[in-house]
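Peer 1: Mind looking at a prediction? Sequence and model below.
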Amino acid sequence: MAKKKKKLPGLNTSSTADISFMLLIFFLVTTSMDTDTGLARRLPQPPDKDQEDAQIDVKERNVMNVRINAAGQLWCKVGNISDYIALEQLKPLAKDFIDNPTNSSKLPEKSGKEIDLLGACAVTDKHVISVQTDRGTPYDVYFQVQNELVAAYNELRDDLSKRKFGRLYQNLTDEQQVAVRAYYPQKISEAEPKNYGGN
Amino acid sequence: MPEMNTSSLPDLIFTILFFFMIVTTMREVTLKVKFTTPQGTELEKLGKKSTVSFIYIGPPTDALRAQMGSGTRIQLNDRYAEPREVMDFVAQERQGMTNQAEQTISIKADVRTQMGYITDVKEVLRKSWALRINYSATHRN
């Protein structure tokens, strides 16, 4: 009796799904999907070796001093105020300082500047916000201060963007953003400027 | 009733697998310090992963506390380090980057850290010309 030729059975692939499931779970465990966010800052350049004692003359009216002590308390000197303040007071004070809307002689001086798209403006481009900390200052307080200061700049930039271009700063074109940034340049210093000159 | 045809199930799973492989990133280091990052409102997304290096600052994890105590530590890659070692770390990280000018250092520090440690690290970063930094934080509602 001639044996009928058997048909080769197909490879059983029912476990492939399980294998790929295991791979999937492995990748889920070892990888992270979180997109990191944070407060972007730029450090000043390292001091030049040749001129270590270079003193930057900054007029007193152009400087806003924010000091944070080891207990996390804020002390601020701006315009007529030199006192301990609460964190919530910092943003309005900073906005007032950066913008100097009343052209007060206690707040930063304004200088004329020609900005593309905005024309001739009076901007307070000489202002400096100086943040000083103690070695014992909690990082959280320092971070919140930085956050409030950046918020002050962002709000001013948004205001100007809406007034001039009718849109929020982040929705502007690149050229418009450059113009707004030139109007409100961000100047937060952590290396304290020394030797304050007269008024 | 005929059985359902499951021959395309592996393909389906593979598709999901590839999706996850593309959108996620490998966790490179095992954390040896514990930290809760601060919460802020003015945060920006961190740029390309290939140009970012992380510095972790905080107290040792619970498992390591018995050996290492509970003082603030700085972690670079897989080990504890001193602030001055940050310079070598930055140089080493910079070596492998194609776009070295965009090197960003992300500082993931615990909220209770004293600023002294952070100032030390920042001073070294300045000296090593790694000027773009990022204080890692989460969004506050």
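Peer 2: Noted; the coordinates are in hand.

Peer 1: Helix or strand, whichever it is, which one in the chain has the lowest mean pLDDT?
Peer 2: No chain was given, so I picked chain A. In chain A, no helix or strand scores lower on mean pLDDT, DSSP states H and E than strand A:196-197, which sits at a mean of 38.

Peer 1: ah, no, chain B please
Peer 2: strand B:25-26 (a mean of 68).

Peer 1: is any part of whichever helix or strand comes after that one close to chain A?
Peer 2: Following strand B:25-26 in sequence order, the next helix or strand is strand B:39-40 (DSSP states H and E). Yes. Using C-beta under 8 Å from any C-beta of the partner chain, strand B:39-40 reaches chain A at B:Gly40. In this view, the C-beta of every residue, glycine as well, is placed from N, C-alpha and C.

Peer 1: Touching the next helix or strand after strand B:39-40 from outside, list them.
Peer 2: For strand B:39-40, the following helix or strand on the C-terminal side (DSSP H and E) is strand B:44-45. With C-beta atoms under 8 Å, 6 or more residues apart in numbering or on different chains as the test, strand B:44-45 has contacts from A:Thr35, A:Asp36, A:Thr37, A:Gly38, A:Leu39, A:Ala40, B:Asn134.

Peer 1: Now the element after strand B:44-45, going C-ward?
Peer 2: Downstream of strand B:44-45, the first helix or strand assigned by DSSP H and E is strand B:52-58.

Peer 1: mind listing what the spatially most central residue of chain B touches?
Peer 2: Residue closest to the average C-alpha location in chain B (C-alpha atoms, centre = their mean): B:Phe54, at 4.1 Å. By C-beta under 8 Å, 6+ apart, the contact set of B:Phe54 is B:Val29, B:Ile105, B:Ser106, B:Lys108, B:Ser136.

Peer 1: If we use 6 Å, what do you get?
Peer 2: B:Phe54 makes contact with B:Ser106, B:Lys108, according to C-beta atoms under 6 Å, 6 or more residues apart in numbering or on different chains.

Peer 1: Could you list the low-pLDDT ranges of chain A?
Peer 2: Scanning chain A for pLDDT under 70 picks out A:1-4, A:32-34, A:49-57, A:191-199.

Peer 1: all strands for it, in order.
Peer 2: Here chain A has its strands, by DSSP state E, at A:31-32, A:37-42, A:58-59, A:63-68, A:74-78, A:81-85, A:111-115, A:119-123, A:128-133, A:188-189, A:196-197.

Peer 1: Figure out which of those strands is closest to B:Ser50.
Peer 2: Nearest to B:Ser50 among these is strand A:31-32; the distance by C-beta to C-beta comes to 15.7 Å.

Peer 1: Can you list the low-confidence ranges for chain B?
Peer 2: Ranges of chain B meeting pLDDT under 70: B:25-28.

Peer 1: Please, where are all the strands along it?
Peer 2: B:25-26, B:39-40, B:44-45, B:52-58, B:73-76, B:79-81, B:104-109, B:132-136, B:138-139.

Peer 1: Could you pull out the buried residues of the longest helix anywhere in chain B?
Peer 2: As assigned by DSSP state H, the longest helix anywhere in chain B is helix B:9-23. Across helix B:9-23, burial judged by 16 or more other C-beta atoms under 10 Å in any protein chain shown covers B:Leu9, B:Pro10, B:Ile13, B:Phe14, B:Leu17, B:Phe20.
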